[in-house]
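Asker: Compute the structure for the input listed below.
(chains A and B)
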Amino acid sequence: MTKNHVIAVLVNDQPGVLQRVSGLFGRRGYNIESITVGQSEEPGLSRMVIVTEGDDTTLEQIEKQLYKLIDVIKVVNLSANPMVSRELALIKVKAEPAERPEIMGVVETFRAAVVDIGAGSMMVQVIGDTEKIDAMIELLRPYGIRELSRTGVTAMTRG
Amino acid sequence: MSAQIPAVRSTEQLREKWMKPEVISGSEILLRSLLLEGVECVFGYPGGAVLYIYDAMYGFDDFHHLLTRHEQGAIHAADGYARASGKVGVCIATSGPGATNTVTGIATAYMDSVPLVVITGNVATSLIGTDAFQEADITGITMPITKHSYLVRDAEDLPRIIHEAFHIANTGRKGPVLIDIPKDVSAQKVRFEPEHSIDLRGYHPTVVPNRLQLDKLVAAISEAERPVILAGGGVIYSGGHEGLLEFATRSGIPITTTLLGLGAFPSGHDLWMGMPGMHGTYTANQAIQQSDLLISIGARFDDRVTGRLDGFAPHAKIVHIDIDPAEIGKNVKTDIPIVGDVKTVLEMLNPMVGYSSKADAWRAQISRWKQEKPFKYKDSEDVLKPQWVIEMLNDTTHGEAIVTTDVGQHQMWTAQYYKFNQPRSFITSGGLGTMGFGFPAAIGAQMAHPDRLVISINGDGGMQMCAQELAICAINKIPVKIVVINNQVLGMVRQWQELIYDNRYSHIDLAGSPDFVKLAEAYGVKGLRATSKEEAERAWQEALDNDGPVLVEFVVHKGENVYPMVTQGSTIDQMLMGDCE
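Answerer: The predicted structure is shown next:
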């Protein structure tokens, strides 16, 4: 059965390591829904969080193929256990002065924040799991989204 | 032979001579580090970005450098050297076009798990990314076809990187490793500190298998009524051929060996069923399809072996022994996965295994198939049949030569009609199917085994893809016996066009090929031609009697096909039997 999986990959912080990982997904026909990379708790190592789609056999192959890369230290299937996943989005939404109170209402309900106001627009920052951000975007869409930037998912297992 | 391979030196001598910590260039560090890794022979081609390296080689005689005529020749020769010797093959090429010319050879080695260290030059670090003259992102280009790669940014890293590269190339599932060295790094002078320890956190191949899994296999063997062993190249690479012979004879389980596994098991043995798959034996394919236990050892269920996957070994419990965990479950669902080094697995397994006593009827059935449906062809007194030529080569060399092939019909006939009894005696491009591979690979194999008979069997198509390496045979007196099976067409393509594309022979006629005898002579290699059996026997004997390189062209029947054949989309027991009927 095809479903979304969230995988954390601890890698050596070497030039080209992102290319090795993303290239592996590309050439073996695995899907990347989102990929984020940043420092880990240990100097010299980065942690990638990859959201991918596939059945259990595909996921098993993805993990095994990732382990074949010399720069990959550890692969963890985060979504196999309870986890916290977060994504950040910046949404520039069309906002004439008259519409602003209404938009602010949406922002407050979602515990998002307005981080910039222009002449005819507002920039909203929202943090949460993917569903929350999807919902926020849908609510803001009627006002007219001018620009949208999402970071992709980062995640950790609970406990 | 007289190719000048330096006398084997003890590691201690080399260490004493070279391993003094001192300030030297990156190029000298490279050469010394190669020596530390036991390198005896390097294949390469100089150019601007590797000139410091070649300058450091001037007057250097602690390993032999063979100057090929094309980088493709160099890397296939390094590959042949590695397959024949079990050591790491080394190839050097310059940046840009030199590096990209090695790509086919790197992919060939990657597909067949051959340990190579490929050293390429690159433009100076200050020029990287500027589209400088002869710049190519060779680490990026080769990422999907290398086991690992390095772009060296500081000469101080070279001892560590070279040591790691050899370790990675020749352990676990073997494969090619690329080291890209910018020109200024090869010139950079730093203090050389010989590197001895390796610390790769992300790389720990599982050598020793899980004992519980072995127990499951032993239980499965005692239950099985129709067991089959499917052995592949991994047996040869791990040095597990003796363990395999013991496993098969102890258990009495019939065995089939894949193309890359030929030589892993003695072909004359009662239990051996021949090669499976697209051009395999009737017996091997029937046995796999009817088996109730299929034990794959160091083989990866390539589509040329399995045919249509959803109908492959439909009744069998599948056991998969492999050093690469990613192979397990990749193509075929596995019931008993065993991750480990084949040699180690077999050493642990053999004392536990008993004779599979429920399989007597099965062994009898297999004997009948072998008798009833061997490889067969219709011989002729008017024209030379390629299968007859291969049989003659086998008979006159008693199956003891190292044979390399190119890719195509002659490759399959060699696999079918030459009887391999020793590991590392059959060298062929299996996974990638690389035309142009066979002849330079034979040069590498001969460098690894100066005193053995090396035969390079080629078609007239593939011979023209690396024919320029005749020069290095002549110059270095490398006594490879070069066989050209000339049917004047791209034979395997012709066969597919005949059988699958309704006799529409599109662009396969190799009219305009050179006179191969004159081509050989033009390079200073003896050339002979045969068009009849009598001429063939005489020419071949003359080649064997000559102690230098000789090319023998056998002009064979144009319309000959390789049988049996499993067409794509069929299960492997749905075979076109052709002349084997």
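Asker: Please count neighbours and contacts with C-alpha atoms only from this point.
Answerer: Fine.
Asker: just so I have it, where are all the strands in chain A?
Answerer: All strands of chain A, identified by DSSP state E, fall at A:3-12, A:34-39, A:45-54, A:72-77, A:83-94, A:113-117, A:121-128, A:145-150, A:154-157.
Asker: how near is residue B:105 to residue A:35?
Answerer: Going from residue B:105 to residue A:35 by CA to CA, to the nearest Å gives 33 Å.
Asker: sorry, back to before: select, out of the strands of chain A, the one closest to residue B:438.
Answerer: Nearest of those to residue B:438, taken as CA to CA: strand A:72-77 at 35.2 Å.
Asker: starting at the chain centroid, how far to the closest one?
Answerer: Centroid displacement of strand A:72-77 relative to its chain, using CA atoms, centre = their mean, to the nearest Å, is 18 Å.
Asker: now stretch B:372-388
Answerer: Using CA atoms, centre = their mean, the offset of stretch B:372-388 from its chain centre is 27 Å.
Asker: Endpoint to endpoint, it covers what distance?
Answerer: End-to-end distance of stretch B:372-388 (CA to CA): 20 Å.
Asker: Looking at the strands of chain A, which is nearest to residue B:188?
Answerer: In terms of CA to CA, the element of these nearest to residue B:188 is strand A:3-12, at 25.8 Å.
Asker: I'd guessed residue A:32 sits against residue A:51; true?
Answerer: Yes: the pair residue A:32 / residue A:51 is scored as a contact, 6.1 Å apart, by CA atoms under 8 Å.
Asker: hang on, the earlier thing: and residue B:105 and residue A:35? Which one has more around it.
Answerer: residue B:105 (29 against 19; other CA atoms under 10 Å in any protein chain shown).
Asker: in the stretch 351-500 of chain B, what residue is nearest chain A?
Answerer: Taking CA to the nearest CA, chain A has its nearest neighbour within the stretch 351-500 of chain B at residue B:432, 15.9 Å off.
Asker: So for that residue, what's the nearest residue that isn't a sequence neighbour?
Answerer: Closest residue to residue B:432 apart from its sequence neighbours, by CA to CA, 6 or more residues apart in numbering or on different chains: residue B:108 at 5.3 Å.
Asker: And that neighbour, how close does it get to chain A?
Answerer: Residue B:108 sits 17 Å away from chain A when distances are taken as CA to the nearest CA, to the nearest Å.
Asker: What residues does that residue make contact with?
Answerer: The contact partners of residue B:108, taken as CA atoms under 8 Å, 6 or more residues apart in numbering or on different chains, are B:429, B:431-434.
Asker: Just the buried ones from the residues you listed?
Answerer: Neighbour-count burial (16 or more other CA atoms under 10 Å in any protein chain shown) is assigned, among the contacts of residue B:108, to B:429, B:431, B:433-434.
Asker: sorry, back to before: which stretch among the strands of chain A comes nearest residue B:46?
Answerer: Closest among those, using CA to CA: strand A:3-12, at 32.9 Å.
Asker: buried stuff in the closest one?
Answerer: Within strand A:3-12, the residues that qualify as buried are A:5-12, counting by 16+ other CA under 10 Å.
Asker: which residues does residue B:437 contact?
Answerer: By CA under 8 Å, 6+ apart, the residues touching residue B:437 are B:73, B:76, B:105, B:405-407, B:428-429, B:462, B:466.
Asker: can you redo those residues as TSV with pLDDT?
Answerer: Shown next, in TSV, are the contacts of residue B:437 (pLDDT from 0 to 100):
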residue	pLDDT
B:73	98
B:76	98
B:105	98
B:405	98
B:406	98
B:407	98
B:428	98
B:429	98
B:462	97
B:466	97
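Asker: List, one by one, the residues from chain A near chain B.
Answerer: With CA under 8 Å from any CA of the partner chain as the criterion, chain A comes near chain B at residues A:16, A:20, A:23-24, A:27, A:57, A:61, A:64-65, A:67-74.
Asker: can you rerun that using 6 Å?
Answerer: Applying CA under 6 Å from any CA of the partner chain, we find that chain A lies next to chain B at A:64-65, A:70-73.
Asker: of all those, which two lie farthest apart?
Answerer: Greatest spatial distance among the residues of chain A next to chain B (CA to CA): A:64 and A:71, at 13.5 Å.
Asker: More neighbours: the two, which one.
Answerer: Taking neighbours as other CA under 10 Å, residue A:64 and residue A:71 compare with residue A:71 leading, 23 against 18.
Asker: Isn't the more buried one up against residue A:13?
Answerer: No: taking CA atoms under 6 Å as the definition, residue A:71 is not a contact partner of residue A:13, at 8.2 Å.
Asker: if I pick residue B:94, what's in contact with it?
Answerer: B:46-47, B:49-50, B:120-121 (CA atoms under 6 Å, 6 or more residues apart in numbering or on different chains).
Asker: Highest neighbour count among the residues you listed?
Answerer: Comparing these by number of neighbours (other CA under 10 Å), residue B:121 comes first, having 32 neighbours.
Asker: Identify the bridge partners of it.
Answerer: For residue B:121, the beta-bridge partners are residue B:181 (DSSP bridges).
Asker: list the contacts for it?
Answerer: Residue B:121 neighbours (CA under 6 Å, 6+ apart): B:49-50, B:94-95, B:180-182.
Asker: of the residues you listed, closest to residue B:472?
Answerer: Nearest to residue B:472 among these is residue B:94, at 19.1 Å by CA to CA.
Asker: Nearest residue to the closest residue to chain B within chain A in space, please, no chain neighbours.
Answerer: The nearest approach of chain A to chain B comes at residue A:73, 4.1 Å away (CA to the nearest CA). Among residues not flanking residue A:73 along the chain, residue B:202 sits closest, at 4.1 Å (CA to CA, 6+ apart).
Asker: One more: residue B:53?
Answerer: Using CA to CA, 6+ apart and skipping residues adjacent in sequence, the residue nearest residue B:53 is residue B:27, 4.6 Å away.
Asker: That neighbour contacts residue B:54, doesn't it?
Answerer: No: with contact defined as CA under 6 Å, residue B:27 does not count as touching residue B:54 (8.1 Å).
Asker: And the pLDDT for the residue of chain A most remote from its centre?
Answerer: When each C-alpha in chain A is compared with the mean C-alpha position (CA atoms, centre = their mean), residue A:98 comes out farthest, at 32.8 Å. Here the pLDDT value assigned to residue A:98 is 92.
Asker: With adjacent residues omitted, what lies nearest to residue B:447?
Answerer: Leaving aside its sequence neighbours, residue B:447 sits nearest to residue B:81 (CA to CA, 6+ apart; 6.7 Å).
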